[in-house]
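Undergrad: Next one to model:
(one chain, ligands or ions: 1)
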Amino acid sequence: MTDGEMAIGVDIGGTKVFGVMVDGAGEIVSAAKLTTPRSFRTGDPQVLLETVLEVVDVLSARVPVQPAPPVGIGVPGLVDRAGRLRFSPHLPEAEGLEFGNLLLRTLANRSVVVENDANCAARAELEFGSLQGVADGLMVTLGTGIGGALISGGRLLTGASGFAGEVGHMVVDPSGPPCPCGGRGCWERYASGGGLGRLAREAAAAGRLTAVVEDVGGDPENVHGEDVTNAARSGDSEALAVLAELGWWLALGLANLTAVLDPRRCVVGGGLAEAGALLLDPARKAFDELVEGGRARPGMELVAAGLGERAGAVGAALVARDGRQ
Ligand SMILES: [Zn+2]
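TA: Predicted coordinates:
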């Protein structure tokens, strides 16, 4: 089989390493998922590289193509243009890793490109998802933290060093809770999946979320974000109120970004996007109240990602095929 348009993308997350092979039309022809290794979490970054290589090997063995397809890797944090992870609050063990060079040594017959994971997700959404045809927009991925990608004039903004779009670490309350980045009160402490867990435990400790607390055995500390989303889906009014609170925090950051970028559309991806209208409806309402000159603006569309959680891996493959912007 020969197909020069094939490409492999691997999205490295805190809990899983997800890889896809896509064809020239961006369709996934094969996918593989491995657990992010535990020994890596205790300080053995080589194990992480081996896991990435295993995913690439599995995909290459399933769909053998010549020439060997290029490989794109999506990583959370500040990735420089040489493919080195310079700073990563959610993968601190991998900081300093020269992903590009190390992987090239093993994958010597292919090109390897490393890019920030949210930028990868935005590339996929621009080409096949909810950002198609959008010249001025932004993407936020709500997971453990918040990843961001900014599109202006039809181009992904990269910044001077390739580090643009770290929106999760905009400070929304300088006296707020500590953040893994070393700061305090970062937006992602409030509006991410991790932020939902924190808001939920606060609500539970204050005597709210009574049914959810009962379901998890009575201890407010055992409440997790997904407990709240599940309860909200069944119409639990206290859970809906916590998601509305999360929506307000989401809207606050988006209003700040809108003051800078004037986007036409904002796409919400990552695991939390699965809450759908339960999160986006209250966020839309709060956004209209929080954004400067709300009534004077034509309105910004707030929509869920079209490719869901696959966007990061698909986008990494597109970056491998077409290069970084
Ligand atoms: Zn931070």
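Undergrad: What separation is there between the residue of the stretch 1-150 of the chain found nearest the ion and residue 95?
TA: Nearest residue of the stretch 1-150 of the chain to the ion, counting by Cβ to the ion: residue 89, 6.0 Å away. Placement of C-beta: from N, CA and C, glycine included. As for residue 89, its distance to residue 95 is 9 Å (criterion: Cβ to Cβ, to the nearest Å).
Undergrad: which residues do these two both contact?
TA: By Cβ atoms under 8 Å, 6 or more residues apart in numbering, residue 89 and residue 95 have these common neighbours: residue 77.
Undergrad: who has more neighbours, the two?
TA: The residue with more neighbours, out of residue 89 and residue 95, is residue 89; 21 against 15, by other Cβ atoms under 10 Å.
Undergrad: The nearest residue in space to the more buried one that is not next to it in sequence: how many residues sit nearby?
TA: Leaving aside its sequence neighbours, residue 89 sits nearest to residue 180 (Cβ to Cβ, 6 or more residues apart in numbering; 3.8 Å). Neighbours of residue 180 under the rule other Cβ under 10 Å: 17.
Undergrad: element containing the residue nearest to residue 220 when sequence neighbours are not counted, please.
TA: Excluding its sequence neighbours, the residue lying closest to residue 220 (Cβ to Cβ, 6+ apart) is residue 204, at 3.4 Å. According to DSSP states H and E, residue 204 maps onto helix 193-205.
Undergrad: Would you mind measuring from the residue of the stretch 1-150 of the chain closest to the ion to residue 238?
TA: Residue 89 is 31 Å from residue 238, where distance means Cβ to Cβ.
Undergrad: Quick check: residues of this protein near the ion?
TA: 169, 179, 181, 183, 186 (Cβ under 5 Å from the ion).
Undergrad: just to revisit the earlier point, surely the residue nearest to residue 89 meets residue 88?
TA: No: when contacts are counted by Cβ atoms under 8 Å, residue 180 is not listed as touching residue 88 (9.1 Å).
Undergrad: before we move on, the earlier item: any chance of JSON lines for the residues of the chain next to the ion, columns pLDDT, secondary structure and neighbour count?
TA: Formatted as JSON lines, the residues of the chain next to the ion follow (pLDDT from 0 to 100; DSSP: H, G, I helix; E, B strand; the rest coil; neighbours: other Cβ atoms under 10 Å):
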{"residue": "169", "pLDDT": "98", "secondary structure": "helix", "neighbour count": "18"}
{"residue": "179", "pLDDT": "96", "secondary structure": "coil", "neighbour count": "19"}
{"residue": "181", "pLDDT": "96", "secondary structure": "coil", "neighbour count": "19"}
{"residue": "183", "pLDDT": "97", "secondary structure": "coil", "neighbour count": "15"}
{"residue": "186", "pLDDT": "98", "secondary structure": "strand", "neighbour count": "29"}
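Undergrad: Turn the residues you listed into TSV, including distance to residue 130.
TA: TSV is the format used below for the residues of the chain next to the ion (distance: Cβ to Cβ, whole Å):
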residue	distance to residue 130
169	24
179	28
181	28
183	30
186	25
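Undergrad: can you pull the contacts of the residue most central in space within the chain?
TA: By Cα atoms, centre = their mean, the chain has its centre lying nearest to residue 141, at 3.4 Å. By Cβ under 8 Å, 6+ apart, the residues touching residue 141 are 117-118, 121, 147-148, 268-270, 305, 311-312.
Undergrad: which one among those gets closest to residue 280?
TA: For those, the residue nearest residue 280 by Cβ to Cβ is residue 268; the value is 6.7 Å.
Undergrad: Show me what the closest one is bridged to.
TA: residue 140, residue 304 (DSSP bridges).
Undergrad: I'd say it and residue 140 touch.
TA: Yes: the criterion here is Cβ under 8 Å, and residue 268 meets it with residue 140 at 5.8 Å.
Undergrad: count of neighbours near whatever residue of the stretch 201-325 of the chain ends up closest to the ion?
TA: Nearest to the ion in the stretch 201-325 of the chain, going by Cβ to the ion, is residue 253, at a distance of 12.2 Å. Close neighbours of residue 253, defined as other Cβ under 10 Å, add up to 24.
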